[in-house]
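Peer 1: Make a model of this:
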Amino acid sequence: MHQRMKVLIGYDGSPCSDAALQDLQRTGLPAEVEALVLSVADVFLPPISPPGSDSLDLPAIASLKATHPHALHALEVLEEAQALAQRAVERLRTLFPAWQVRAEAAADAPAWALIKKADAWQPDLVIVGSHGRSALGRLILGSVSQKVLAHARCSVRIARGRTDTSTAPVRLILGVDGSRHAEAAVGVVAQRRWPSGSEAKVVMALESLKIIPARHFQATAEEERVWAHKVVAATAETLRAAGLVVSTLVVDGDPKALLPREAERWQADSIFVGARGVRGVERFLLGSVSAAVAARAPCSVEVVRPRPPT
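Peer 2: Below is the predicted model:
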C-alpha cells in the first residue's frame, strides 16, 4: 500500500510562518501528503489530554478553568494556538486539496514541542519559517529554527518565502561532497515533482573535501578534482533523468560561503544539502556547513537526513 509522505509544519501566525506555507508550493512535494500543523503556546500547563492522545481534552480544560483561575491566561493562549493551527490548516486545504491536514496545539517551549512531536510522529520532513532580518539586513535564523534544525532526527526545511507563482519553474542548488547525506539529498530532489522547465545546479566546493581524514582520501590535487567532477557528473545525470535542467559547478572555496553566494547570484528558490552523519549522543550535532548555509542563505534551505533503515 502506498504510504503518504508525512510533513510536520510549525506555525505561529507570523509573516514568516505565512511565508513558509506559501513556500510549500515551491517544494515539489507529492500530491498525497499527510500534514500536521503544530502551533505552540509558550506556557506551562498540567496535562489536559488523555494519555496517548494528541487532541485537547475540552472537558479537562473547562474543569481546569474552574479549579485553577490562575491558569486562565495560559489556557487562553493555548486555545489561541489551536485557532492559529486551524487557520493554517484551512489555508493548506485550499492550496493542496488532496492533502490530509490536521491541526494541533501544545503548551511547551516552541522548539522542544516541535522536536518532541517529530520524535513521536516520525515525519519525513519538518518545515519551519526562518527568523526575520537583523538590523544589518542580513537573514538570520531565529532560536526556534536553529534548535529544530540541530536536534530533529529527520530532514528539516527552513522556509524563506518567495513571491513567485506556484506554476513557474523552480531553481534549485544542490550542494554535494560525496557523502551519504549528500547522496540522500540528491535522492530527495530527484523524487520530487517539479514544474516543467525547473533547473538544478549541482555545486561542489573543493575545500569541503579537506575535512575527509587522510587515511580515507589520499590523493593529489588533480586526482581530487577529477573525483569531484565524477561525483558532480553522476549527480547531474540522476537529476536530468528526473526531468530537471541541470548545470554544474566545481570550484575552490568554502561551501559555507559559496552556496549562499551562488544562490543569491543565481536567484535560487532553494538549496538542498545533507546533514552531517554522527554517532550515539552526537546525533544532536549539526554539520557546520549545513548550519552555516541554513543561517546565511537568501532562500529556503532543506537539510536532508537519510531515513534510518526499516
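Peer 1: only C-alpha atoms for contact and neighbour calcs from this point on.
Peer 2: Will do.
Peer 1: Okay, now the unreliable bits of the stretch 51-200 of the chain?
Peer 2: 51-72, 131-141, 162-166 (pLDDT under 70).
Peer 1: what residues go with each domain of the protein?
Peer 2: Listed by automatic domain parsing, the domain ranges of the chain are 1-166, 169-310.
Peer 1: Just send the ones you listed back as TSV, with mean neighbour count too.
Peer 2: What follows is the domains of the chain, written out as TSV (neighbours: other CA atoms under 10 Å):
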stretch	mean neighbour count
domain 1-166	18
domain 169-310	18
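Peer 1: Could you pull out the strands in the stretch 51-200 of the chain for me?
Peer 2: Assigned by DSSP state E, counting those that start in this stretch, the stretch 51-200 of the chain shows strands spanning 100-107, 125-129, 155-159, 171-175, 199-205.
Peer 1: Nearest to I9 among those strands would be which one?
Peer 2: strand 125-129 (4.8 Å; CA to CA).
Peer 1: tell me the angle of the closest one relative to strand 155-159?
Peer 2: Angle of strand 125-129 versus strand 155-159, following axes from the mean of the first three to the mean of the last three CA atoms, to 10 degrees, is 20 degrees.
Peer 1: Please export the C-alpha coordinates of the longest helix seen in the chain as PDB.
Peer 2: Secondary structure assigned by DSSP state H gives helix 72-95 as the longest helix of the chain. The C-alpha trace of helix 72-95 is given here as PDB (Å, rounded to 0.1, in the frame of the first residue of the first chain):
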ATOM      1  CA  LEU A  72      -6.900  31.000  32.700                       C
ATOM      2  CA  HIS A  73      -4.500  33.100  30.800                       C
ATOM      3  CA  ALA A  74      -2.300  30.100  29.900                       C
ATOM      4  CA  LEU A  75      -5.400  28.200  28.700                       C
ATOM      5  CA  GLU A  76      -6.500  31.200  26.600                       C
ATOM      6  CA  VAL A  77      -3.100  31.300  24.900                       C
ATOM      7  CA  LEU A  78      -3.300  27.600  24.200                       C
ATOM      8  CA  GLU A  79      -6.700  28.000  22.700                       C
ATOM      9  CA  GLU A  80      -5.400  30.800  20.500                       C
ATOM     10  CA  ALA A  81      -2.600  28.500  19.400                       C
ATOM     11  CA  GLN A  82      -5.200  25.900  18.400                       C
ATOM     12  CA  ALA A  83      -7.100  28.500  16.400                       C
ATOM     13  CA  LEU A  84      -3.800  29.600  14.700                       C
ATOM     14  CA  ALA A  85      -3.100  26.000  13.700                       C
ATOM     15  CA  GLN A  86      -6.600  25.600  12.300                       C
ATOM     16  CA  ARG A  87      -6.200  28.700  10.300                       C
ATOM     17  CA  ALA A  88      -3.100  27.300   8.700                       C
ATOM     18  CA  VAL A  89      -4.900  24.000   8.000                       C
ATOM     19  CA  GLU A  90      -7.700  25.900   6.100                       C
ATOM     20  CA  ARG A  91      -5.000  27.600   4.000                       C
ATOM     21  CA  LEU A  92      -3.300  24.300   3.200                       C
ATOM     22  CA  ARG A  93      -6.600  22.700   2.200                       C
ATOM     23  CA  THR A  94      -7.000  25.500  -0.300                       C
ATOM     24  CA  LEU A  95      -3.500  25.100  -1.700                       C
END
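Peer 1: Which strand residues bridge the closest residue to P110 other than its chain neighbours?
Peer 2: Closest residue to P110 apart from its sequence neighbours, by CA to CA, 6 or more residues apart in numbering: V40 at 5.4 Å. Per DSSP bridges, residues listed as beta-bridge partners of V40: A106.
Peer 1: S270 now?
Peer 2: L172, S300.
Peer 1: right, and it touches V303 too?
Peer 2: No. Counting by CA atoms under 8 Å, S270 sits too far from V303 to count as a contact (10.6 Å).
Peer 1: Need the nearest residue in space to E104, chain neighbours excluded.
Peer 2: Per CA to CA, 6+ apart, closest to E104 is L38, 5.0 Å.
Peer 1: pLDDT averaged over the helix or strand hosting the one you found, what's the number?
Peer 2: Using DSSP states H and E, L38 maps to strand 33-41. Taken as a whole, strand 33-41 has a mean pLDDT of 95.
Peer 1: Likewise for stretch 19-28?
Peer 2: Stretch 19-28 carries an average pLDDT of 92.
Peer 1: Any idea how far apart the tips of it sit?
Peer 2: 16 Å (CA to CA, to the nearest Å).
Peer 1: ok, residues contacting that stretch?
Peer 2: 88, 92, 95, 127-129, 159-162, 166, 170, 192-195, 269 (CA atoms under 8 Å, 6 or more residues apart in numbering).
Peer 1: that older thread, put together JSON lines for the strands of the stretch 51-200 of the chain, with distance to G28 on each row.
Peer 2: JSON lines is the format used below for these (distance: least, CA to CA, whole Å):
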{"stretch": "strand 100-107", "distance to G28": "17"}
{"stretch": "strand 125-129", "distance to G28": "13"}
{"stretch": "strand 155-159", "distance to G28": "13"}
{"stretch": "strand 171-175", "distance to G28": "11"}
{"stretch": "strand 199-205", "distance to G28": "12"}
